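> Build the 3D model from these lines:
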Amino acid sequence: MSFEFCVLGSGSGGNSIAFWDGETSFLIDAGFSCKEIARRLDMIGVDAKDVDAVFVSHEHVDHARGARVFRNRFGSDVYCTPTVDTWLYSRYSLAASPDLLPGEPFDVNGFRLRPFEVPHDASQTVGFVVNRGRKKVTVATDLGHMSSAVRNRFKNCDAIVLESNHDVQMLKDGPYPIYLKKRILSKNGHLSNIESAATLSTVISDRTKNVILAHLSRENNTPAIALKEAKKHLSGISRTVKVVPADQFVVCDIVKI
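Numbering: from 1, shown residues only. Okay, here's the model as predicted:
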């Protein structure tokens, strides 16, 4: 029942995560061009032609940019919520399969995905719990705050992919206009390093071996700052957990579950 996954890239310029087990493969988000996604898949030994499905988490370009061309070129099914389906057709003339419903399981061969709603400035945004057998990975790359319901999705995971978007002081002192700073800091904006790290400190269990910090801002964060905050909050945990910041331009190491 083992499988692997890899964050192909994560940031405001594009997001995509590949999952595979030797028989089935799928993407969560397709925020890069089709050509770039295929190139990055090739880097980790996954053939784009073998991707069975693409799941689009919400209606922002950095999560959906390559979905239509990827579907047309490689024949992968594209799944999303009904709300996102309307946007995909309006923006990209992509008629996806609006079969994802928050809280309802969705099976892809041996994998089971459970989308769950998260607070973000889109009509509807979902994270995903990915199960294969008893193995569990939870993904949420865009959310404004951590509710107790969302927090519970991250408990008892083998691996976690969680947003760690910005250092609050860097954002406040930075060049962004006031309205954008307020949007990012809002309850429907993006998760700060502190809130991400605080969440991790409460949900990591004995089975959690890997954490990927996702969607780091290039203007209001650095990998070193995000990693330092996470490690500070996890310093009292005796378990060994590998924490890695994702990059928009560099493919992360493959994680084996």
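> What segments of the stretch 101-250 of the chain are helices?
With helices called from DSSP state H, counting those that start in this stretch, the stretch 101-250 of the chain shows them at 148-153, 168-173, 178-185, 193-203, 223-234.
> will you turn these into a markdown table that also has mean neighbour count, distance to Pro98 and mean pLDDT?
Quick note: C-beta positions are derived from backbone N, CA and C, even for glycine. Shown next, in a markdown table, are those (neighbours: other Cβ atoms under 10 Å; distance: least, Cβ to Cβ, whole Å; pLDDT from 0 to 100):
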| stretch | mean neighbour count | distance to Pro98 | mean pLDDT |
| --- | --- | --- | --- |
| helix 148-153 | 13 | 22 | 97 |
| helix 168-173 | 14 | 35 | 98 |
| helix 178-185 | 14 | 27 | 96 |
| helix 193-203 | 20 | 30 | 97 |
| helix 223-234 | 17 | 34 | 96 |
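> of all these, which lies closest to Lys35?
helix 223-234 (25.9 Å; Cβ to Cβ).
> and that closest one, how far out from the chain's middle?
Helix 223-234 sits 19 Å away from the centroid of its parent chain (Cα atoms, centre = their mean, to the nearest Å).
> Tell me which residues touch the closest residue to Asp121 other than its chain neighbours, please.
Closest residue in space to Asp121, ignoring its immediate chain neighbours: Asn188 at 4.5 Å, by Cβ to Cβ, 6 or more residues apart in numbering. Contacts for Asn188 (Cβ atoms under 8 Å, 6 or more residues apart in numbering) come out as Pro119, His120, Asp121, Gly144.
> Give me the three-state assignment for the nearest residue to Thr125 once chain neighbours are set aside.
Leaving aside its chain neighbours, Thr125 sits nearest to His58 (3.8 Å; criterion: Cβ to Cβ, 6+ apart). The three-state assignment at His58 reads coil, by DSSP: H, G, I helix; E, B strand; the rest coil.
> which residues in the stretch 51-200 of the chain form strands?
Secondary structure of the stretch 51-200 of the chain, counting by DSSP state E, counting those that start in this stretch: strands at 53-55, 77-79, 106-108, 111-118, 125-132, 135-140, 159-163.
> just to revisit the earlier point, how much space between the residue nearest to Asp121 and Val118?
As for Asn188, its distance to Val118 is 10 Å (criterion: Cβ to Cβ, to the nearest Å).
> What about Tyr89, how many residues nearby?
14 (other Cβ atoms under 10 Å).
> Looking at it now. What's its pLDDT?
Note on Tyr89: pLDDT of 91.
> give the contact list for the residue nearest to it when sequence neighbours are not counted.
Nearest residue to Tyr89, sequence neighbours excluded (Cβ to Cβ, 6+ apart): Ala95, at 5.7 Å. Contacts here follow Cβ under 8 Å, 6+ apart; on that basis Ala95 touches Asp85, Leu88, Tyr89.
> And Ala95, what's its pLDDT?
Note for Ala95: predicted pLDDT of 88.
> Which phi and psi values does it adopt?
The phi/psi pair for Ala95 (degrees, to the nearest 10) reads phi -90, psi 100.
> Quick check: the gap between it and Leu88.
Distance of Ala95 to Leu88, given as Cβ to Cβ: 8 Å.
> one step back: how close does the residue nearest to Thr125 get to Pro223?
Taken as Cβ to Cβ, the span from His58 to Pro223 is 24 Å.
> and the residue most central in space within the chain, what does it touch?
Note on the chain: the residue nearest the mean C-alpha position is Thr141, at 3.9 Å, using Cα atoms, centre = their mean. For Thr141, the contact set (Cβ under 8 Å, 6+ apart) comprises Ser10, Asn15, Asp29, Ser57, His63, Gly127, Val161, Leu162, Glu163, Ala214, His215.
> For the last one, grab the count of nearby residues.
Going back to what we said before, that points to His215. His215: 26 neighbours (other Cβ under 10 Å).
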